[in-house]
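[1] Got a predicted model here, sequence first, then my questions.
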Amino acid sequence: MKVYIVAGERSGDLHGSNLIKALSTLDSSFVFRGFGGDEMKRAGVSVFVHYEQLAFMGFISLVTKTFTILKYIRLCKNDLLQFKPDAVILIDYGGFNRGVARFAKKQGIKVFYYIPPKVWAWYQDRAIGLKRLVDRMFVILPFEKKFYKEKCDWDVDYVGNPVLDAIKSFKPTPDFANKNDIDKNKRIVALLPGSRKMELKLIVPLMAEVVKKNPTCQFVVAAVGNLSKDLYGELMNLKNVQLVYDASYDLLTVADAAIVTSGTATLETGIFKVPQVVVYKMRWFEYALVKRLVKVEFISLVNLIAGKQVIKELIQEKAEPIKLNQELDLLLTEGTYRSAMLAGYDDIFKLLDTGSASQNTARLI
């Protein structure tokens, strides 16, 4: 059986690779091709386009890169026609993958969507469009099943969360702290500024200000190897800061607290049971537009899954050094605030722990 798989980001590459391994275990005759990254390639995919070429973020980027995006959609369509797959598996990357789904549907190709776009957050009517384009949807957040049923009478499959899969299979690097000159005699604060250039440009200066206010702490940045070191410049020059590359899970095993840019990393940090504060900033005109569109009370996955505030979210103008430093003090202090957060993490783990998301999805496919 031939399957075309499309993942446009780093996390999609990881989750796609785990799904491919699960499918291959069930049926060794699968042949995979598509858009992805190194993890998918190692899992056996013939990667036609690497996700690094698709790293667009924000409304302005989408406008300025429109012709580039359209070019890659055309490439994908042409490659699909040549490969002639039995099915297409789409992973996240909403705008791009909706176009792929529409084309595949017209060609009579079965369309599966694993980790669908967050239409429950904004433009909720897109759920109806997805129902028309997708043969079967596999969601990874418990509340999504109810959302699709209520919004468009669509019975989608909740398969568990692949982040939990990845963490369960993770094996810590022995003696990680010593190998990276991390001082374990100090309180260790993980800094997870994100994996996109614009995120780093807005969040790194904020994190640097907090570092300066806490000279007795050891700050460690979860840096991304395929980004320019210049993006971390304001942190690299500070004495109590270390950078580790592509080792966020190892970092979270030794951290006492974390400052995290909103995204999948908030959930990962919660599963590792590290007290955290979430920060997020956008360019003001993008934020003004997003604020009008967003339909949810929270932005972090931890709070969304819990249905209440478990961790503090400092967004836009609230993401400033004084408030962030105050929150960090609370996280590093043993007491009811910290213990309540850890208890909230336990509840989320129980909600998500429904077996392997990759294996559940593979069986259903």
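    Great, that's in hand. Numbers count the residues shown, from 1 in each chain.

[2] Need the nearest residue in space to the spatially most central residue of the chain, chain neighbours excluded.
    Taking C-alpha atoms, centre = their mean, the centroid of the chain lies closest to residue 264, which sits 3.3 Å from it. Among residues not flanking residue 264 along the chain, residue 11 sits closest, at 5.3 Å (C-beta to C-beta, 6 or more residues apart in numbering). For glycine as for every other residue, the C-beta is placed from the backbone atoms N, C-alpha and C.

[3] Okay, that neighbour and residue 276: tell me how far apart.
    18 Å (C-beta to C-beta, to the nearest Å).

[4] between those two, who's got more neighbours?
    Using other C-beta atoms under 10 Å, the more surrounded residue of residue 11 and residue 276 is residue 276, with 31 against 24.

[5] need the contact list for the more buried one.
    Taking C-beta atoms under 8 Å, 6 or more residues apart in numbering, we find residue 276 in contact with 257-260, 266, 269-270, 302, 311, 331, 341.

[6] And for residue 315?
    262, 279-281, 299.

[7] rewinding a little: narrow the contacts of residue 276 to those in strands?
    Of the positions in those, 257-260 sit in strands, assigned by DSSP state E.

[8] What remains of the residues you listed if I keep only buried residues?
    With neighbours counted using 16 or more other C-beta atoms under 10 Å, the ones in strands among the contacts of residue 276 contain these buried positions: 257-260.

[9] coming back round to it: just the ones in strands among the contacts of residue 276 now: which is nearest residue 163?
    Using C-beta to C-beta, residue 260 is the member of the ones in strands among the contacts of residue 276 that lies nearest residue 163, at 13.4 Å.

[10] pretty sure the closest one is touching residue 272, no?
    No. The pair residue 260 / residue 272 is not scored as a contact, 11.0 Å apart, by C-beta atoms under 8 Å.

[11] does residue 235 sit in a helix or strand, and which one?
    Following DSSP states H and E, one finds residue 235 within helix 233-236.

[12] For that helix, buried residues please.
    Buried, per 16+ other C-beta under 10 Å, within helix 233-236: 234-236.

[13] How about stretch 39-50?
    For stretch 39-50, the neighbour count (16+ other C-beta under 10 Å) marks 39-40, 43, 45, 47-50 as buried.

[14] Show only the entries of these found in strands.
    Short answer: the buried residues of stretch 39-50 in strands (DSSP E) are 45, 47-50.

[15] Mind putting these into a markdown table with distance to residue 349?
    Converted to a markdown table, these look like this (distance: C-beta to C-beta, whole Å):
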| residue | distance to residue 349 |
| --- | --- |
| 45 | 30 |
| 47 | 33 |
| 48 | 37 |
| 49 | 36 |
| 50 | 33 |
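
[16] So which of those is the closest to residue 134?
    Of these, the one sitting nearest to residue 134 (C-beta to C-beta) turns out to be residue 45, at 20.8 Å.

[17] what's that closest one in contact with, if anything?
    5, 16-17, 20, 32-34, 36.

[18] Residue 222 too?
    190-193, 244, 247-248, 251, 265.

[19] what's the answer for residue 147, then?
    Contacts of residue 147 (C-beta under 8 Å, 6+ apart): 120, 127.

[20] Would you tell me what helix or strand residue 362 is located in?
    Here residue 362 sits within helix 357-364, counting by DSSP H and E.

[21] Any buried residues in that helix, and which?
    357-362.

[22] Dump those residues into JSON lines; add distance to residue 122 and pLDDT as well.
    Below are the buried residues of helix 357-364 laid out as JSON lines (distance: C-beta to C-beta, whole Å; pLDDT from 0 to 100):
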{"residue": "357", "distance to residue 122": "24", "pLDDT": "95"}
{"residue": "358", "distance to residue 122": "28", "pLDDT": "94"}
{"residue": "359", "distance to residue 122": "31", "pLDDT": "95"}
{"residue": "360", "distance to residue 122": "28", "pLDDT": "96"}
{"residue": "361", "distance to residue 122": "25", "pLDDT": "97"}
{"residue": "362", "distance to residue 122": "30", "pLDDT": "97"}
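
[23] of those, closest to residue 66?
    residue 361 (31.9 Å).

[24] returning to what we had before: take the contacts of residue 222 and keep only those in strands.
    Judged by DSSP E, strands contain the following of these: 190-192, 244.

[25] What remains of those residues if I keep only buried residues?
    Among the ones in strands among the contacts of residue 222, those scoring as buried are 190-192, 244 (criterion: 16+ other C-beta under 10 Å).

[26] Walking through the stretch 101-250 of the chain, point out its helices one by one.
    Along the stretch 101-250 of the chain, counting by DSSP state H, counting those that start in this stretch, helices occupy 126-133, 142-152, 162-169, 176-179, 197-212, 233-236, 248-254.

[27] export the buried residues of helix 357-364 to JSON lines and tack on distance to residue 54?
    Formatted as JSON lines, the buried residues of helix 357-364 follow (distance: C-beta to C-beta, whole Å):
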{"residue": "357", "distance to residue 54": "23"}
{"residue": "358", "distance to residue 54": "22"}
{"residue": "359", "distance to residue 54": "27"}
{"residue": "360", "distance to residue 54": "27"}
{"residue": "361", "distance to residue 54": "22"}
{"residue": "362", "distance to residue 54": "25"}
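
[28] What's the first helix or strand after the helix-or-strand element of the chain with minimal mean pLDDT?
    Using mean pLDDT, DSSP states H and E, helix 58-64 stands out as the lowest-scoring helix or strand of the chain, at a mean of 48. On the C-terminal side of helix 58-64, the nearest following helix or strand under DSSP H and E is helix 66-83.
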